[in-house]
Each structure stands twice: as structure tokens, then as C-alpha cells.
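Participant: Kindly generate the corresponding structure for this input.
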Amino acid sequence: MQDGITSHTAIPVKAFLIQKFREDKIISRRCIFPWPPRSPDLAPADFCLWGYLKPRVYRFSQSNLSELNDTIRRE
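Facilitator: The predicted structure is shown next:
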């Protein structure tokens, strides 16, 4: 399973994967089974967890990254 980034879909990489696994076993942007970039299935935490955390975190005002990290950890 590849996420479609250029280095994952380069011709030498694709040739290696086809040789190793067969093309019908590869899920990638430029193969038989396409896999869209930034798919929620590739990042379950982004898909599920952030939807839960975002409204809780942004109830508070943060003035810097450290405060944002602290708020995320607290929630």
C-alpha cells in the first residue's frame, strides 16, 4: 500500500513492487488499484481523533505551539 507520493510511484519503485508482489497486489496512485493521496484510511488518527479533539482544543486560546501541545495533551 503506497500513498501516492512521487518517490513511492517512481518507475523503479513500481517495477520492484510488481516483481516482488504482482501488480494486482499493489494499491497505489499509478497502479491497477488506485489509492488517493491523503486518504483518511492512511491516517486514522487524523480522520477520527482530530475530529474529536479539534472542538475541545480550540475552545481555549493558545498563543504559541507549546500552549497548543499542552492543551492537546490535557484534552
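Participant: what's the host helix or strand of residue 66 in contact with?
Facilitator: In this assignment (DSSP states H and E), residue 66 forms part of helix 65-74. By CB atoms under 8 Å, 6 or more residues apart in numbering, the residues outside helix 65-74 that reach it are 53, 57, 60, 62. (Each C-beta comes from the backbone N, C-alpha and C, glycine too.)
Participant: Mind putting those residues into CSV with pLDDT, neighbour count and secondary structure?
Facilitator: Formatted as CSV, the contacts of helix 65-74 follow (pLDDT from 0 to 100; neighbours: other CB atoms under 10 Å; DSSP: H, G, I helix; E, B strand; the rest coil):
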residue, pLDDT, neighbour count, secondary structure
53, 84, 14, helix
57, 87, 15, helix
60, 85, 12, coil
62, 89, 14, coil
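Participant: Now render those residues as JSON lines, adding distance to residue 20.
Facilitator: Output for the contacts of helix 65-74, formatted as JSON lines (distance: CB to CB, whole Å):
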{"residue": "53", "distance to residue 20": "38"}
{"residue": "57", "distance to residue 20": "42"}
{"residue": "60", "distance to residue 20": "49"}
{"residue": "62", "distance to residue 20": "46"}
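Participant: Report the buried residues of the helix holding residue 66.
Facilitator: Neighbour-count burial for helix 65-74 flags residue 71 (criterion: 16 or more other CB atoms under 10 Å).
Participant: same question for it, mean pLDDT?
Facilitator: Across helix 65-74, the average pLDDT comes to 90.
Participant: For it, list the C-alpha coordinates in CSV.
Facilitator: The C-alpha trace of helix 65-74 is given here as CSV (Å, rounded to 0.1, in the frame of the first residue of the first chain):
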residue,chain,number,x,y,z
LEU,A,65,2.9,26.0,19.9
SER,A,66,3.8,24.9,23.4
GLU,A,67,0.4,26.0,24.8
LEU,A,68,-1.3,24.2,21.9
ASN,A,69,0.6,21.0,22.7
ASP,A,70,-0.3,21.3,26.4
THR,A,71,-4.0,21.8,25.6
ILE,A,72,-4.0,18.7,23.3
ARG,A,73,-2.3,16.6,26.0
ARG,A,74,-4.8,17.8,28.6
